[in-house]
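# any chance you could fold what I've pasted below:
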Amino acid sequence: MNRRALVAILLGVIPLSQVPIDIYTPAIPHMAEELGASTTLVQNTVAAYVLGMSLGLLPMGIVADARGRKRTLLVGLALLLVTSVGIALTSDIWLLLGLRFLQGVGGCSCMVIVYAIAADISRGRELTSLSGWLGASWGLAPVLAPAVGGALVQFVSWRGIFVLVAALALIAGVVVWRLLPETLDPAKAEPIRPRVIAHVLGSTLRQKLFIGLTLVFAVFATAQLLFGVVAPLLYETALGLPPAAYGLIALLVGAANLAGELATGSLATRISSRMLGFSALASFTLGAVILFASGLLVGPQLVLITVGGMFVMLGCGALCPMAYGLALGLFDRNLGLIGGLTSAACYLFVAVAMGAAAALPDDTQTPLGAIYVLCAALGLALLLACLPRPSRTGAPPASVTAA
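Residues are numbered from 1 along each chain as shown. Below is the predicted model:
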């Protein structure tokens, strides 16, 4: 299979890790009413999915390094399919929470294995660029999924949302089964040996640059997902918008996220990672200030929340794939394990934040803006520590290379 066709498959599979998070957020108020559960408990179904992802990423990566990328991905897609059907049929909130956890385990394969395949076929700046394009495809989920989910919940049912997720998993599984080649070099296959895995993890965690880049990814992925959890209540509860209208606004905000990811894909081979990273941070910081200040001064206001959210998402969209690509590019073996470690650390961070987000007030954007201001400050410190300084010779600084 030629490279373009292979990349096209990866671009089609990776959004399935994110779609189950974003597509049903417009339905959260309706789900709470139908299931007889609190809004907080239904919001925690997002945290349950993310927790499943975070705990599944490392095992998925280890198995993919030992048994191959293709077979492991097919198992993950099968689990995503079965749990989505189960969620569509259940009327018990506690069973739904358990199924969402398992759904996250299946969905995580669509991220960690796709990035491992990308690292199998690319290195250096080319890998960072491919990571950006993959991030752009992944970013289609927060662009399109809430709009689709908003229409489904308003005109069909929230259950139809999960039937759609199951159908997408089935289609992806057939494509992977029939067309995706195995990209793991047999010479680089790593048997599942706990001592060796522990040694690799230990040596990896001693690399300060890897830790820093992983934290960048975690901070801004959390910020990105946090908006999707809090925003439906701000728009639908505080501002009184119907789900379909919120879905259209989410389309606009998600487009900014997509623009950031496309920027990383197209610019990573042209400008330094330092310039790209700090430009993205400036956008994120502007959005954070708009949300925080507008909440204090004028309260919930549709235009200001949307504009602030767009600047935040533009920054997140560029920073997340850049940090992930640079972190994975530090290594040339155990790529499933390393990718799983990076993603697991990130999504454990996200799972805790999502659980805490359920307690945030839903009548103002001020707490969200305050959290984003703190993320911006932390991001500044991390980027200063991680990204290479400009060369004194005048040559453009290169991206981080394999250690």
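
# so which helix or strand takes in residue 177?
Under the criterion of DSSP states H and E, residue 177 resides in helix 158-179.

# next helix or strand past that helix?
Following helix 158-179 toward the C-terminus (DSSP H and E): helix 194-205.

# next, the buried residues of that next one.
For helix 194-205, burial by neighbour count (16 or more other Cβ atoms under 10 Å) applies to 197, 200, 201, 204. Where you see a C-beta, it was placed from the backbone N, CA and C, and this is true even at glycine.

# could I get those residues as JSON lines with pLDDT and distance to residue 131?
Shown next, in JSON lines, are these (pLDDT from 0 to 100; distance: Cβ to Cβ, whole Å):
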{"residue": "197", "pLDDT": "85", "distance to residue 131": "24"}
{"residue": "200", "pLDDT": "83", "distance to residue 131": "21"}
{"residue": "201", "pLDDT": "84", "distance to residue 131": "22"}
{"residue": "204", "pLDDT": "86", "distance to residue 131": "18"}
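
# out of these, which is nearest to residue 300?
residue 204 (43.9 Å; Cβ to Cβ).

# how close does residue 340 sit to residue 328?
Residue 340 sits 11 Å away from residue 328, going by Cβ to Cβ, to the nearest Å.

# ignore what I typed, I meant residue 5.
22 Å.

# among those two, which residue is more densely surrounded?
residue 328 (25 against 11; other Cβ atoms under 10 Å).

# show me where the stretch 201-350 of the chain has helices.
Ranges of helices within the stretch 201-350 of the chain are 208-233, 243-267, 273-297, 302-328, 335-357, based on DSSP state H, counting those that start in this stretch.

# among those, which is nearest residue 118?
Closest to residue 118 of the helices of the stretch 201-350 of the chain, according to Cβ to Cβ: helix 302-328, at 8.0 Å.

# can you list the helices and strands that the closest one packs against?
Applying 3 or more Cβ pairs under 8 Å, 6 or more residues apart in numbering; DSSP states H and E, one finds that helix 302-328 contacts helix 93-121, helix 124-138, helix 208-233, helix 243-267, helix 273-297, helix 335-357, helix 366-386.

# make JSON lines from those and add distance to residue 85 to it.
Below are those laid out as JSON lines (distance: least, Cβ to Cβ, whole Å):
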{"stretch": "helix 93-121", "distance to residue 85": "9"}
{"stretch": "helix 124-138", "distance to residue 85": "24"}
{"stretch": "helix 208-233", "distance to residue 85": "24"}
{"stretch": "helix 243-267", "distance to residue 85": "23"}
{"stretch": "helix 273-297", "distance to residue 85": "38"}
{"stretch": "helix 335-357", "distance to residue 85": "24"}
{"stretch": "helix 366-386", "distance to residue 85": "34"}
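
# of all those, which one is nearest residue 43?
That would be helix 208-233 among the helices and strands packed on helix 302-328, by Cβ to Cβ, at 6.2 Å.

# any weak-confidence spans in the protein?
Scanning the chain for pLDDT under 70 picks out the ranges 1, 142-143, 354-362, 388-403.

# most tightly surrounded among the helices of the stretch 201-350 of the chain?
helix 302-328 (a mean of 27; mean count of other Cβ atoms under 10 Å).

# to residue 68, which of the helices of the stretch 201-350 of the chain lies closest?
When those are compared by Cβ to Cβ, helix 335-357 sits nearest residue 68, at 9.7 Å.

# what's the angle from that closest one to helix 208-233?
If you take axes from the mean of the first three to the mean of the last three Cα atoms, to 10 degrees, helix 335-357 sits at 40 degrees to helix 208-233.

# show me how far helix 335-357 is from its chain's centre.
In terms of Cα atoms, centre = their mean, to the nearest Å, the centre of helix 335-357 is set 10 Å apart from its chain centre.
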